[in-house]
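In: sequence plus the predicted model coming up.
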Amino acid sequence: MSTRTGMIGIKIGNSSFYDDSGKSLPVTILKIDECIVSDIKTIEKHGYSSLQLVSINGKKEIKKLKKPQQKIFADLKINPKKIIKEFRVDQDNILDIGSSLDVSHFKTDQFVDVTSISIGKGFAGAMKRHNFGGLRASHGVSASHRSHGSTGNCQDPGRVFKGKKMAGHQGDKFRTIQNLEILESDIENNLIFIKGSVPGSKNSIVLIQKNG
């Protein structure tokens, strides 16, 4: 199967979708602004093939951008965009610089992978972060009922291994949910209705990718 370019979107929020049988399905609504191809990488020149897309209108003036970014938007003759993202594609799916993509790039009943930054929840304990059961409610346990308990060993190896499940910063990480079904596309309003949940809060940037 050939790899096509992904797209850049914004998470609008969650809602319900009713199928033909009247069944209610949870959906996430994504808004797709116009995605414009700004650069091309080829196997002959760069060792791999990809497309660079720009999307989502920004508020910065072009003269306030860094010089490499100024060149991108000056060559395209468009106002500066907020997001610049590169997507790996097969050589057969290379598009011309300046090509525009919209919601019609994805079809109903397709399955896509959606990437975004999960909601940050600050510092969390082991019970909330890793679903630990906690310590006993009585029988000698005092003021440490929600702690994670012992994390190390005795003299050998005498240290805590990296990656040990402990309290720490939860969320605010790039996460990808795979194989989410597109239930409907609203081309007029540039919206995509995806079955299930997508990482991130409202108005967060999402990357939508489809293989094949």
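Out: Done, it's in. Values in this document were obtained by computation on a predicted structure and should not be read as measured data. Numbers count the residues shown, from 1 in each chain.
In: what's the next secondary structure element after the helix-or-strand element of the chain with minimal mean pLDDT?
Out: Ranked by mean pLDDT, DSSP states H and E, the weakest helix or strand in the chain is helix 67-76, scoring a mean of 89. Once the chain leaves helix 67-76, the next helix or strand it forms, by DSSP states H and E, is strand 81-88.
In: just the buried residues of that next one, please?
Out: 81, 83-85, 87 (16 or more other Cβ atoms under 10 Å). Every residue, glycine included, has its C-beta placed from N, CA and C.
In: for those residues, which one is nearest Lys210?
Out: The closest of the buried residues of strand 81-88 to Lys210 turns out to be Phe87 (Cβ to Cβ; 10.2 Å).
In: circling back to that earlier point, now pLDDT and distance to Asn93 too, for the buried residues of strand 81-88, in TSV please.
Out: Below are the buried residues of strand 81-88 laid out as TSV (pLDDT from 0 to 100; distance: Cβ to Cβ, whole Å):
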residue	pLDDT	distance to Asn93
Lys81	90	22
Ile83	91	21
Ile84	92	19
Lys85	93	16
Phe87	94	10
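In: closest to Gly122 out of these?
Out: Out of the buried residues of strand 81-88, the member with the shortest distance to Gly122 (by Cβ to Cβ) is Ile83, at 25.9 Å.
In: the closest one and Ile10: what is the separation?
Out: According to Cβ to Cβ, to the nearest Å, Ile83 and Ile10 sit 10 Å apart.
In: outside of the least confident helix or strand of the chain itself, list whatever touches it.
Out: Outside helix 67-76, the residues within contact range by Cβ atoms under 8 Å, 6 or more residues apart in numbering are 36, 38-39, 54, 62-63, 65, 79-81, 84, 97-98.
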